[in-house]
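1. kindly generate the corresponding structure for this input.
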Amino acid sequence: MTKQTENSPTVGTEKDYPKIGLFLNGEWIYDRESYADVINPSNERKLARVPKASDADLQCALKAAEKGFVIWRDTPPQQRVAIIQKAVKLARERIDAIATILSLENGKPFDHARAEIDRSMNFFEWEMGQALRAYGMIVPGAPQMQKFIIRQPIGPVFAVTPWNVPMSSAARKTSAALAAGCSVVLKPAEETPGTACELVRCFEEAGLPPGVLNLVLGDPAHISSTLIASPVIRMVTFTGSVHVGKHLTQLAAREMKPVLMELGGHAPVLVGADVNATEVGRISALAKTRAAGQICASPSRFIVHRNSYADFVSSFAETLNELRVGDGLERGVEMGPVANVRRLAAAQALVDDARNRGATVAAGGQRLGEQGYFFAPTLLTDVPLDADVMTIEPFSPVAACVAAESLDKAISIANSLPVGLAAYAFTNSLEEAEQIGRRLECGVLSINHFDTPDADTPFGGVKETGIGREGGPTSLDAYLVTKTILQSTVKV
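-> Numbers count the residues shown, from 1 in each chain. This is a model prediction of the structure:
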């Protein structure tokens, strides 16, 4: 049975959670009506109230971003980098305190929260370098004609981030936007605003000019429709579900505004016939339960060659049953709760549907305890391909496993969905690896491991998983526009 911790020593308390406010034009605002409560998913207790931005607040955010953009755009890149460096230094000095906040509002184990913050600072450090390499070009021309191609910041950016990686996603977007010279209106998820507030506070104390980075909270639909419709906002970036991403893209399209969308996935894992299936099963279980399966790159559909199937399933289930589940601030916890009661219900519905269609529950399959949103790490085996868990992104610690007779069949199953973000494969055959790399429909493929891209490599998907890439050598492209200047030297 899965181990659930009880009364273990903790690394922080709910008293460490900050007051939540709006941040507009360099000032914190707390005295607004309440929109929602921040709930600790480990015990269902209220951590803080989320203020609701009024229409006047949203107009203030727009005016601030407009003025801030002019200031930041004309700030030399070296000076921009110096301010970003100060903010990163502050965040790294406060990493334990911010990790405690992240764990309280999101539920993930403290060590995992700390790792997320540390990795997120890599994004800023990468984009600082990119800011100094946003080169233009000189094109050969006729005598007395100079042709310049320069790259300039696109303008104020509206950035919307999710609750599952509250620091990572906010860092992805603000790092590139600020490095490029854009101002930002950031709207974090109302479930996890504390982490974003701490990131903004680091920039405030680092000396970022007022209006360059603003934070709003409240009714997501109203905020999005208001800000996207404004001519001030020049670009929209979002990480979240396919459904919401399509809606925001439609709003932006009406105003002819570009978008950067990183949407849902349902990552397949192909396991070959020639691998150590017991070891692959063990590390698959650990990868599946990272962040309780609530990340867009989480491995979800395990498509295993028939020859490896039995050993893989046995090892996977055994590892899940040994995991320690509990409050993320308790020492020794390996998996925390799911984020909210909706995810708890969704996980149970996936299990029940698969069981009703003939799948076997090899591990877990139910809620743990009566307080907190804990769901047992779950493995479903012999899952029919039409089961909901094979077609709907689980976003929970629920894994589905099916057997495949051949690589062709495995790839066919993997490519059968309209999304394609991350994918994983385990094989000792170079021929199979080449085929998988060429034929699998995804934006990121990891072979023989479960790591995902860091700041120096692009992250994003294909098909309905979104538009554009974050990170890597093209990381600033979405935040820059290209201008061609044709300058005659003939006196007029």
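2. quick one, domains of this structure?
-> Following automatic domain parsing, one finds the domains of the chain at 9-263+465-483, 267-454.
3. the ones you listed: which one's closest to Thr489?
-> Comparing those by their distance to Thr489 (C-beta to C-beta), the top pick is domain 9-263+465-483, with 4.5 Å. Using the backbone N, CA and C atoms, a C-beta is placed for each residue, glycine as well.
4. now tabulate the domains of the chain in JSON lines and tack on mean neighbour count.
-> As requested, these are exported to JSON lines (neighbours: other C-beta atoms under 10 Å):
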{"stretch": "domain 9-263+465-483", "mean neighbour count": "20"}
{"stretch": "domain 267-454", "mean neighbour count": "20"}
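5. including distance to Val492 and mean pLDDT, could those go into JSON lines?
-> Below are these laid out as JSON lines (distance: least, C-beta to C-beta, whole Å; pLDDT from 0 to 100):
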{"stretch": "domain 9-263+465-483", "distance to Val492": "12", "mean pLDDT": "97"}
{"stretch": "domain 267-454", "distance to Val492": "50", "mean pLDDT": "97"}
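6. can you redo those as TSV with distance to Val490?
-> Below are the domains of the chain laid out as TSV (distance: least, C-beta to C-beta, whole Å):
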stretch	distance to Val490
domain 9-263+465-483	5
domain 267-454	49
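7. okay, Phe110 and Leu260: tell me how far apart.
-> Distance of Phe110 to Leu260, given as C-beta to C-beta, to the nearest Å: 31 Å.
8. Thr360 is in contact with Pro384, correct?
-> No - using C-beta atoms under 8 Å, Pro384 makes no contact with Thr360, being 11.3 Å away.
9. tell me who's in contact with Ala229.
-> 251, 254-255 (C-beta atoms under 8 Å, 6 or more residues apart in numbering).
10. among those, which are located in helices?
-> 251, 254 (DSSP state H).
11. which residue is nearest the centroid of this protein?
-> For the chain, Ser169 is the residue whose C-alpha lies nearest the centre (C-alpha atoms, centre = their mean; 4.5 Å).
12. identify the residues contacting that one.
-> Contacts of Ser169 (C-beta under 8 Å, 6+ apart): 161-162, 239.
13. name the helix or strand for Gly218, please.
-> Using DSSP states H and E, Gly218 sits in no helix or strand.
14. distance of it from Tyr17?
-> According to C-beta to C-beta, Gly218 stands 19 Å off from Tyr17.
15. can you check Ile303 too?
-> Using C-beta to C-beta, Ile303 is found at 41 Å from Tyr17.
16. in the stretch 51-200 of the chain, which spans are helices?
-> 55-73, 77-93, 95-106, 110-131, 168-180, 193-206 (DSSP state H, counting those that start in this stretch).
17. run through the helices of the stretch 301-450 of the chain in chain order.
-> Secondary structure of the stretch 301-450 of the chain (DSSP H, counting those that start in this stretch): helices located at 306-322, 341-356, 388-391, 407-414, 430-439.
18. can I get the ones you listed in a markdown table including distance to Lys246?
-> Formatted as a markdown table, these follow (distance: least, C-beta to C-beta, whole Å):
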| stretch | distance to Lys246 |
| --- | --- |
| helix 306-322 | 34 |
| helix 341-356 | 20 |
| helix 388-391 | 17 |
| helix 407-414 | 23 |
| helix 430-439 | 27 |
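19. before we move on, what SS does Leu260 have?
-> Secondary structure, DSSP: H, G, I helix; E, B strand; the rest coil: Leu260 is strand.
20. which among the helices of the stretch 51-200 of the chain is found nearest to Ala310?
-> Between Ala310 and the helices of the stretch 51-200 of the chain, the tightest spacing by C-beta to C-beta is seen for helix 110-131, at 30.9 Å.
21. could you tell me the angle between the closest one and helix 168-180?
-> Going by axes from the mean of the first three to the mean of the last three C-alpha atoms, to 10 degrees, helix 110-131 is angled at 20 degrees with respect to helix 168-180.
22. offset the numbering so it begins at 230, please.
-> Yes, from this point I'll number from 230; that puts the last item at helix 339-360.
23. give me the helices and strands touching helix 339-360, please.
-> helix 306-322, helix 324-335, helix 397-409 (3 or more C-beta pairs under 8 Å, 6 or more residues apart in numbering; DSSP states H and E).
24. closest one to Ala514 among those helices?
-> Counting by C-beta to C-beta, Ala514 lies closest to helix 324-335 out of the helices and strands packed on helix 339-360; the figure is 21.1 Å.
25. CA atoms of the closest one as CSV?
-> Provided in CSV are the C-alpha atoms of helix 324-335 (Å, rounded to 0.1, in the frame of the first residue of the first chain):
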residue,chain,number,x,y,z
ILE,A,324,14.9,30.2,-2.3
ASP,A,325,13.9,28.4,0.9
ALA,A,326,11.3,31.0,1.8
ILE,A,327,9.8,31.0,-1.7
ALA,A,328,9.9,27.2,-1.9
THR,A,329,7.9,27.1,1.3
ILE,A,330,5.3,29.4,-0.2
LEU,A,331,5.2,27.3,-3.4
SER,A,332,4.8,24.1,-1.5
LEU,A,333,2.0,25.6,0.7
GLU,A,334,-0.1,26.7,-2.2
ASN,A,335,0.6,24.0,-4.7
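26. what packs against that helix?
-> strand 263-269, helix 339-360, helix 422-435.
27. can we see that at 10 Å?
-> Helices and strands touching helix 324-335, by 3 or more C-beta pairs under 10 Å, 6 or more residues apart in numbering; DSSP states H and E, are strand 263-269, strand 274-280, helix 306-322, helix 339-360, helix 422-435.
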